[in-house]
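A.B. asks: what follows is a predicted protein model with its sequence.
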Amino acid sequence: MISGPFCVLQENRQFGSKMTDSKYFTTTKKGEIFELKAELNSDKKEKKKEAVKKVIASMTVGKDVSALFPDVVNCMQTDNLELKKLVYLYLMNYAKSQPDMAIMAVNTFVKDCEDPNPLIRALAVRTMGCIRVDKITEYLCEPLRKCLKDEDPYVRKTAAVCVAKLHDINAQLVEDQGFLDTLKDLISDSNPMVVANAVAALSEIAESHPNSNLLDLNPQTINKLLTALNECTEWGQIFILDCLANYTPRDDRESQSICERVTPRLSHANSAVVLSAVKVLMKFMEMLPKDLDYYGTLLKKLAPPLVTLLSAEPELQYVALRNINLIVQRRPEIMKHEMKVFFVKYNDPIYVKLEKLDIMIRLASQANIAQVLAELKEYATEVDVDFVRKAVRAIGRCAIKVEQSAERCVSTLLDLIQTKVNYVVQEAIVVIKDIFRKYPNKYESVIATLCENLDSLDEPEARAAMIWIVGEYAERIDNADELLESFLEGFHDESTQVQLQLLTAIVKLFLKKPTETQELVQQVLSLATQDSDNPDLRDRGYIYWRLLSTDPVAAKEVVLAEKPLISEETDLIEPTLLEELICHIGTLASVYHKPPSAFVEGSRGVQHKRLPGSAGSGESVDSPETTSTAGVSDAPPAVIPSQGDLLGDLLNLDLTPTTAGPPPPAPSSGMQLGGMDLLGGGLDSLMGDESEPLGGDLGGTPAIGAGFGAAPAALPASFSAPVSGGLDDLFDLGGGVGMPMGAYSPPKSVWLPAMKAKGLEISGTFARRAGVIQMEMTLTNKAMSVMTDFAIQFNRNSFGLSPAGPLQVLTPLSPNQSIEVALPLNTSGPVMKMDPLNNLQVAVKNNIDVFYFSCQYPISMLFVEDGKMERQIFLATWKDIPNDNESQFQIKDCHLSSDAASNKLQGSNIFTIAKRTVDGQDMLYQSMKLTNGIWVLAELRIQAGNPNYTISLKCRAAEVSQCVFQSYEAVLKN
């Protein structure tokens with residue numbers, strides 16, 4: 001609700017004021033405060049009201065009239081509603097700066113809350129909520145409690161909002177006074193506006209306390225909200241719809257019932273109501289079976305209201321288009337017959353044009369491509385340069401998306417190149433490069449036309465694209481060396497993008513025509529390495545130089561390797577983010593295409609929302625038209641997988657059961673993880689320089705230098721403490737370490753819910769038994785059909801975890817049956833660094849489909865049995881690892897003695913090398929070794945009577961420390 005001095009003064013006309021209020025803003029008299037004081041204390045009601053209006057006018061234009069506080073407060077004792085509103089307005093503004101004087105007004109508030117006029121009661125409770133002064137809040141509780149149970153619904157709805165405001169000032173007070181329970185009761189109120197405001201207040205409070213479960217939504221509550229929905233004001237409807245969007249129905253029948261009752265809101269005149277209704281329907285559609293008749297009907301009903309939003313003013317159109325962009329990415333079939341609505345009008349602002357263009361490409365299909373291309377060609381002749389560039393790029397995207405149209409798109413692009421309009425030519429060359437990558441050996445005949453336009457290219461992206469084309473197809477271009485040499489002349493004036501592309505293109509040319517281009521390749525390598533100060537360029541230059549000088553055959557395999565095909569939709573929003581944005585349709589998040597946490601400052605209460613069908617899995621629910629059967633395929637992947645892409649590597653895995661054969665070779669200790677040496681040299685790096693005299697042959701464990709004696713500076717503080725008996729005392733194990741307990745294994749949790757896997761539910765955990773890592777799973781069939789032919793495959797992961805054999809499900813899994821399976825694992829699979837480090841992405845196949853999920857394994861599963869270091873080697877290694885690689889953590893609420901802790905940890909292959917006590921504090925020095933050879937050293941400090949332990953971890957691969965700490969915490973607390 002809009003409020004403020006202007007609104008109050010504007011209301012004077014309703015109270016019979018015969019002249020305009022502008023006169024209150026024109027006075028420039030001096031000594032005004034004194035005069036106003038006298039007028040405020042006048043006996044005449046009319047004069048007093050005029051004086052208060054002047055005070056409000058001065059306050060509005062920024063003058064300080066706080067000196068008049070006591071005089072204005074005295075005017076509260078009046079029956080005149082207009083005067084009361086003005087005084088309350090003044091109070092709201094100055095109460096914070098004059099908290100002691102604001103208490104004077106409390107009695108009047110209390111009195112007004114019992115006034116026979118409901119408008120005055122509501123006005124009093126509204127003002128109380130707006131006065132943000134701690135001293136006053138406790139006095140307001142009793143009046144607020146009465147107003148929440150007032151007989152007049154106008155007072156109740158105002159009091160409901162006041163609870164949210166009071167909660168923001170003093171949350172504890174609101175909870176102690178039981179206002180939250182009263183608010184929950186108001187959801188059952190007979191008046192729809194009271195219900196809407198109660199929902200709005202509870203939602204506001206729940207946002208700042210996401211775990212409070214204030215809005216305990218159940219079918220009965222939902223029914224009350226849906227009943228109130230039909231009779232609310234438009235803003236009340238928005239509050240209720242937003243609340244409904246947070247509810248997860250029990251089954252598809254309830255979901256359909258809610259959708260049927262929300263659908264009439266789609267025809268509302270207010271666009272905010274329409275978008276809130278669309279948000280609810282988009283969320284609940286996830287639970288409806290695709291073969292249901294109602295599902296198809298709902299899809300048809302969603303299009304017209306969205307189309308209607310596009311006939312509003314440009315600003316509203318833009319908001320609608322940004323939301324439609326999200327909806328189309330999730331369910332393109334909703335708008336597939338509405339292509340013409342997105343055709344650009346000549347008078348559309350540029351921001352609307354660009355958004356429409358983006359949606360046109362998303363909706364492009366074989367059925368409408370001719371129509372789309374005709375439009376795009378027309379747009380490419382417009383006068384707006386930005387729009388023309390985008391239109392030319394759009395033609396290229398059409399070619400990549402709809403294969404049947406590629407030839408027509410290339411022909412259109414060539415026509416545009418013939419126009420010789422500089423920026424059109426440059427954009428066309430950039431998109432033709434992408435077309436070449438999508439359809440190799442198909443349209444290379446146009447290269448000659450492209451080469452004719454070399455001289456006109458002045459933008460880095462276009463120059464880089466042309467250089468890539470020349471380098472990639474050097475064997476087909478007779479004068480490729482001359483063309484690249486012409487670019488090389490101004491090498492240092494080019495942008496980094498062009499320099500990198502030129503370096504790669506000339507190396508490609510050399511590998512294809514070595515005899516003719518030796519001088520050229522030497523020239524570019526020299527420019528890139530010796531004359532450049534750009535580290536990226538220099539590094540790439542050195543890599544090529546060393547490749548070419550050591551192994552030209554390997555260089556050819558690397559540089560001229562077959563390229564993966566590019567994706568037709570490179571700009572799609574990542575699926576989990578898209579799900580979250582769909583849950584925020586109609587808010588700023590849907591306009592920015594960013595989650596609220598990315599732009600709301602201090603967003604401690606921002607929750608990450610997910611669609612009901614997608615929780616707990618990386619799999620996204622595709623629309624019927626875009627769904628492809630994710631199975632075993634020989635075709636190359638259509639998308640270049642990103643490092644953390646859950647589906648990228650799994651979609652094409654061979655999920656047939658593994659046949660018996662020789663195991664793959666064990667990885668070397670210097671295993672590369674995602675282009676990074678996670679081991680930092682692994683075990684070998686602990687051996688020190690070979691030239692140093694080693695302290696004897698230690699059977700593969702790290703050696704120590706001959707000069708080991710004094711306590712090094714890099715050791716833990718307790719190592720450096722003076723000791724009387726040398727190393728024997730320092731490593732006094734006299735305290736004794738008892739027999740180790742069994743290895744810790746976390747309890748099973750649901751990895752793949754049945755809702756996401758067509759009835760197959762998988763829960764599981766990891767365990768290490770007799771030196772073998774096992775994935776222990778419970779497979780439950782919650783579908784109506786029998787499940788057979790199970791197979792499993794892992795994506796590349798940080799430690800090379802892979803199944804050591806096939807998934808042994810020997811008998812068919814009948815409906816409502818569960819089976820326990822233990823899958824032995826080895827660590828000889830392909831390696832890629834994951835985030836988090838212990839993340840594992842899994843594909844499970846059965847006779848129904850392929851399903852994907854991700855889970856996290858405790859890193860303690862990877863601690864090997866020979867992880868106990870020699871004491872002296874421990875000291876040398878601790879000294880050798882840089883201080884920057886040391887991490888310190890706190891383990892809270894742990895009540896074990898040092899011996900009990902040591903026993904527990906040894907069961908999980910965390911070995912105590914030494915123990916000593918200093919000032920009543922036990923210090924355990926421990927080592928553990930991971931399957932890939934990483935050593936982790938630890939100092940665990942335990943003070944008797946203190947439940948908080950301190951642990952310091954040192955490791956050459958510092959990334960491991962966080963996971964190791966989590967394992968310590970899990971082992972010690974379970």
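C.D. replies: Thanks, I have it. Numbers count the residues shown, from 1 in each chain.

A.B. asks: what's the domain layout of the chain?
C.D. replies: The record's domain parsing of the chain by the TED database lists 6-247, 364-458, 459-550, 749-857, 862-973.

A.B. asks: just put the ones you listed in TSV and tack on mean pLDDT, mean neighbour count and distance to residue 285.
C.D. replies: For the C-beta atoms, the positions are set from N, CA and C on the backbone; glycine is no exception. TSV is the format used below for the domains of the chain (pLDDT from 0 to 100; neighbours: other CB atoms under 10 Å; distance: least, CB to CB, whole Å):
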stretch	mean pLDDT	mean neighbour count	distance to residue 285
domain 6-247	78	17	12
domain 364-458	86	18	21
domain 459-550	88	18	40
domain 749-857	90	18	14
domain 862-973	88	19	38
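
A.B. asks: make TSV out of those domains and add distance to residue 259.
C.D. replies: Formatted as TSV, the domains of the chain follow (distance: least, CB to CB, whole Å):
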stretch	distance to residue 259
domain 6-247	10
domain 364-458	27
domain 459-550	46
domain 749-857	18
domain 862-973	42
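
A.B. asks: is it true that residue 768 lies in a strand?
C.D. replies: Yes: under DSSP: H, G, I helix; E, B strand; the rest coil, residue 768 sits within a strand.

A.B. asks: okay, and the beta partners of it?
C.D. replies: With DSSP bridges applied, the residues forming beta bridges to residue 768 are residue 773.

A.B. asks: so who does it touch?
C.D. replies: 743, 745, 774, 860, 861, 863, 908, 909 (CB atoms under 8 Å, 6 or more residues apart in numbering).

A.B. asks: next one: the nearest residue to the fourth one once chain neighbours are set aside from residue 841, what distance?
C.D. replies: Distances taken as CB to CB, 6 or more residues apart in numbering place residue 967 nearest to residue 860, at 3.9 Å, with adjacent residues excluded. Between residue 967 and residue 841 the distance is 20 Å, computed by CB to CB, to the nearest Å.

A.B. asks: repeat for residue 927
C.D. replies: 30 Å.

A.B. asks: and residue 447, by the same measure?
C.D. replies: Distance, residue 447 to residue 841, by CB to CB: 41 Å.

A.B. asks: which residue, other than its chain neighbours, is closest to the residue most central in space within the chain?
C.D. replies: In the chain, the centroid-proximal residue (CA atoms, centre = their mean) is residue 577; its distance is 5.7 Å. Excluding its sequence neighbours, the residue lying closest to residue 577 (CB to CB, 6+ apart) is residue 595, at 6.6 Å.

A.B. asks: does that neighbour really touch residue 583, like I thought?
C.D. replies: No: with contacts counted by CB atoms under 8 Å, residue 595 stays clear of residue 583, the gap being 9.7 Å.

A.B. asks: what's the pLDDT at the residue nearest to the centre of the chain?
C.D. replies: Looking at residue 577, its pLDDT stands at 88.

A.B. asks: which of the helices or strands spans it?
C.D. replies: Secondary structure from DSSP states H and E places residue 577 in helix 575-582.

A.B. asks: what's in contact with the helix or strand just after that helix?
C.D. replies: Downstream of helix 575-582, the first helix or strand assigned by DSSP H and E is helix 588-592. The contact list for helix 588-592, computed with CB under 8 Å, 6+ apart, reads 318, 319, 322, 323, 326, 580, 581, 584, 595, 596, 598, 599.

A.B. asks: show the buried residues in those residues.
C.D. replies: 318, 319, 322, 323, 326, 580, 581, 584, 595, 596 (16 or more other CB atoms under 10 Å).

A.B. asks: quick check: the farthest pair among those?
C.D. replies: Largest separation among these by CB to CB: 318 and 580, giving 21.1 Å.

A.B. asks: list phi and psi for residue 150.
C.D. replies: phi -60, psi 150 (degrees, to the nearest 10).

A.B. asks: what element comes up after the one helix or strand residue 852 maps to heading to the C-terminus?
C.D. replies: Using DSSP H and E, residue 852 maps to strand 850-856. Next in sequence after strand 850-856, counting helices and strands by DSSP H and E, comes helix 871-880.

A.B. asks: counting by contacts, list what that following helix packs against.
C.D. replies: Under the contact criterion of 3 or more CB pairs under 8 Å, 6 or more residues apart in numbering; DSSP states H and E, helix 871-880 touches strand 911-918, strand 935-943.

A.B. asks: let's have those strands in JSON lines, adding distance to residue 561.
C.D. replies: Shown next, in JSON lines, are the helices and strands packed on helix 871-880 (distance: least, CB to CB, whole Å):
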{"stretch": "strand 911-918", "distance to residue 561": "45"}
{"stretch": "strand 935-943", "distance to residue 561": "36"}
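
A.B. asks: quick one, which of the ones you listed is nearest to residue 474?
C.D. replies: Among the helices and strands packed on helix 871-880, the nearest to residue 474 by CB to CB is strand 935-943 (48.9 Å).

A.B. asks: tell me how far the closest one is from the chain's mean position?
C.D. replies: 34 Å (CA atoms, centre = their mean, to the nearest Å).

A.B. asks: output the contacting helices and strands for that strand.
C.D. replies: helix 871-880, helix 898-906, strand 921-929, strand 949-955, helix 960-973.

A.B. asks: rerun at 7 Å
C.D. replies: Under the contact criterion of 3 or more CB pairs under 7 Å, 6 or more residues apart in numbering; DSSP states H and E, strand 935-943 touches helix 871-880, strand 921-929, strand 949-955.

A.B. asks: what's the angle from it to helix 898-906?
C.D. replies: Strand 935-943 runs at 150 degrees relative to helix 898-906, counting by axes from the mean of the first three to the mean of the last three CA atoms, to 10 degrees.
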